[in-house]
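J.: turn this into a model:
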Amino acid sequence: MTEGTEKALVADIVPTQRRGSAFGWYNLAIGLGALPASLIFGRIWDTAGAPTAFAFGASLALIAAVLMAFVAPSTRRSA
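T.: Okay, the predicted model is just below:
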């Protein structure tokens, strides 16, 4: 559901002549992150059960959202 907005962000922040490389690096990062995430989630599911695995995923998502508030630049514009 968010892949379209992620790709739009990549297109917005990268110069036109570098977009092909930027999308390649973006997809590489997604692929390299998805494999260990899936392995860790599966291990937690096998050892502690589904509720623990989903709680772990939700906790990481919450931490990422809080950290993003400090890292992402503000887009507010004064009127």
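
J.: the host helix or strand of Trp45 - what's its average pLDDT?
T.: Assigned by DSSP states H and E, Trp45 belongs to helix 19-48. Averaging pLDDT along helix 19-48 yields 95.

J.: and that helix, how far out from the chain's middle?
T.: 9 Å (Cα atoms, centre = their mean, to the nearest Å).

J.: quick one: buried residues of the helix or strand following it?
T.: Sequence order places helix 50-71 as the next helix or strand after helix 19-48, per DSSP H and E. Neighbour-count burial for helix 50-71, counted by 16 or more other Cβ atoms under 10 Å, picks out Ala53. Any C-beta I mention is one placed from the backbone N, CA and C, and that applies to glycine too.

J.: and the angle from helix 50-71 to helix 19-48?
T.: Relative orientation of helix 50-71 and helix 19-48, computed by axes from the mean of the first three to the mean of the last three Cα atoms, to 10 degrees: 140 degrees.

J.: what helices and strands are in contact with helix 50-71?
T.: Helix 50-71 sits against helix 19-48, with contacts defined as 3 or more Cβ pairs under 8 Å, 6 or more residues apart in numbering; DSSP states H and E.

J.: tell me which other helices or strands the helix it packs on touches.
T.: Checked by 3+ Cβ pairs under 8 Å, 6+ apart, helix 19-48 has helix 3-13, helix 50-71 packed alongside it.
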